[in-house]
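K.L.:
kindly generate the corresponding structure for this input.
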Amino acid sequence: MSEWFALARSRAVIRRALGFAVVVGAILIAINHGPAILAGEVDASRVFQMGLTVLVPYMVSTLSSVQAMRELGARRDR
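P.N.:
Below is the predicted model of the structure:
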């Protein structure tokens, strides 16, 4: 488990995940909350939802990157 967290905290994984989170999160926020933003109907609840909207692609990218790195390492060890 500590190997997993070490990989997840690596600079390359964090940079990649942040990049995906910003791009994909912005697109999802525009799709899901765009009309409310344009109408000025943004409250604390919606801001929380937007934060989760950005967190999801960050986590998906992190999980995918770490798993790919672990599988690649396992192949090298064979």
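K.L.:
distance of the most centrally placed residue in the chain from Arg9?
P.N.:
The chain has Tyr58 as the residue nearest its centroid, 0.7 Å off, counting by Cα atoms, centre = their mean. With distances taken as Cβ to Cβ, to the nearest Å, Tyr58 is found 13 Å from Arg9. C-beta here means a position set from N, CA and C on the backbone, and glycine is covered the same way.
K.L.:
kindly report the same for Arg70.
P.N.:
14 Å.
K.L.:
who does the lengthiest helix in the chain touch, helix- and strand-wise?
P.N.:
The longest helix of the chain (DSSP state H) is helix 44-77. Helices and strands touching helix 44-77, as assessed by 3 or more Cβ pairs under 8 Å, 6 or more residues apart in numbering; DSSP states H and E, comprise helix 2-8, helix 11-38.
K.L.:
check these for me and report the most buried one.
P.N.:
Stretch with highest mean neighbour count among those: helix 11-38 (a mean of 14; mean count of other Cβ atoms under 10 Å).
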